[in-house]
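1. fold the following and give me the result.
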Amino acid sequence: MRLLVVDHFADEAQALRSHFDARFADPRRATADRFVWDLWNVRDQYTALRTPAWEYFPKKTYDAFHQRLVWWGRRTLGCHDVSPPWLSCYVNGCEQRLHGDLPHGPVAFVFSLTNWSKRTFRGGETLLMRDEVLDFWRGFVSTRAVEEPELLDEVPARFNRLVAFDPRIPHGVRRVDGSMDPTEGRLVIHGWFVQPRPFIEGPLPEKALGDAIGEVTGAIGPVLQAGLPLAGLLSLGFTVTAAGRVRELRTLADTTRTVPEHAAGRRRLLAAARKALEKHAFPRRASQSRVTLPLVFER
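-> Reported below is the predicted structural model:
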C-alpha cells in the first residue's frame, strides 16, 4: 500500500464545511473565533494557514468525525489512534514542497473539505513521488525526456475524500494559485494514524492473540534472520469463528519495503505469516470476532 483513497468518507463533512463558511461569511466582522489561525511558513518548504482541528469545530460534530476516523484506522490499518489533527487552509501562494514524514506515524492522512468541483484556484493536489523515481537509476533508459507527470502522482482534494498514504514517500501539495478568500481555498484536515497494535471486535479476549502472535513471529523469524532488510507496516485482518478457526484472512494494508533483490524474501515472509495464522486454533467463544493484526518492521 502506498495510497488509499476513500470518497464520500464522512457524514459530518457538510456540517464541518458549513461551520467554516459561517465563520468567514462576513469578512468585516471581527469576532474572537476568527483569530485562531497560524500562518505556517518555512521558507522554500511550507506555507499554509493552520489551526488545531479539534478546537475549531463544534464539539459534537467534530467528535463524531474524529471517532469515524479512528475506527477506520483501527479496522483498516491496525492503528489504534490518530495524532491531533490540523485544519489547514491554502490560499494564493500556499504550498508544501516535497518532503517525507518519518517519525510522526506509519500512515498519513488528508481529509478534504475543499469545494473542489467549484474551485477558482489552480493547484492544491496532493503529490506523491512515484515508486519508479525512488528506484530511478536501476532501470533508467535515456531514450526520451522524463517529465513531471511521469515522476509524481497527483490526487485532487475532492470534497469528503480521505487520502491515506505511506508518509515515507516524498510528498507535498501543489502550489495554490488564485483567490486570497479562505472560503475559496484548499481546506483539509490532516495528520497521522498512530499506535499500531492488535484490535479485536467481538468476544475473543486480547490475551488469546498472544500465542498467535508468537507463532507468527516464529514463522517469519528465519526469513528475517536470513538477511531480509524490511521496513514498514503490514496489517492483516481476519475473522475468528465461534469454533476458534481463522477465516477470511486478508492483507488490509502493507507499506513494507525492501530492495528489489529481496522481493522474493518479502513474499516468503508474507506467506509464512498467513500460514501461521491459518493453522492457529483460537479458544472457542459464543460468537465470531473480527481481528486486525498489525506487524511493524524496522530495519
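2. quick one: residue 243 and residue 284 touch, right?
-> Yes - the pair residue 243 and residue 284 passes the contact test of C-beta atoms under 8 Å, sitting 5.9 Å apart. All C-beta atoms are positioned from the backbone trio N, CA, C, and that covers glycine.
3. just so I have it, where are all the strands in the stretch 101-250 of the chain?
-> For the stretch 101-250 of the chain, strands defined by DSSP state E, counting those that start in this stretch occupy the ranges 107-112, 126-129, 152-155, 162-165, 171-173, 186-196, 199-201, 232-240, 246-254.
4. tell me the strands beside the second one, with direction?
-> What that stands for is strand 126-129. strand 152-155 (antiparallel), strand 171-173 (antiparallel) (DSSP bridges).
5. can you pull out the residues in contact with the longest one?
-> To tie it back to what came earlier, the one meant is strand 152-155. 3, 5, 125-130, 133, 163, 174 (C-beta atoms under 8 Å, 6 or more residues apart in numbering).
6. for the closest residue to residue 150 other than its chain neighbours, give me its contacts.
-> Of all residues not flanking residue 150 in the chain, residue 130 sits nearest, at 7.3 Å (C-beta to C-beta, 6 or more residues apart in numbering). Applying C-beta under 8 Å, 6+ apart, we find residue 130 in contact with 150-153.
7. lowest pLDDT pick from the residues you listed?
-> Note: of the contacts of residue 130, the lowest pLDDT belongs to residue 150, at 83.
8. how near is it to residue 213?
-> 42 Å (C-beta to C-beta, to the nearest Å).
9. of the two, who's got more company?
-> Each of residue 150 and residue 213 has its neighbours counted (other C-beta atoms under 10 Å); residue 213 has more, 15 against 11.
10. how close does the more buried one get to residue 269?
-> For residue 213, the distance to residue 269 - C-beta to C-beta - is 15 Å.
11. please report phi then psi for residue 279.
-> phi -90, psi -20 (degrees, to the nearest 10).
12. going forward, count from 167.
-> Fine by me, first position is 167 from now on; the one you just mentioned is residue 445.
13. what's the local residue count around it?
-> Using other C-beta under 10 Å: residue 445 sits among 12 other residues.
14. show me what contacts the closest residue to it other than its chain neighbours?
-> Leaving out its chain neighbours, the residue that sits closest to residue 445 by C-beta to C-beta, 6+ apart is residue 381, at 7.7 Å. Residue 381 makes contact with 442-443, 445-446, according to C-beta under 8 Å, 6+ apart.
15. swap in 10 Å and give it another go.
-> Residue 381 is in contact with 439, 441-443, 445-446, counting by C-beta atoms under 10 Å, 6 or more residues apart in numbering.
16. no more questions from me, cheers.
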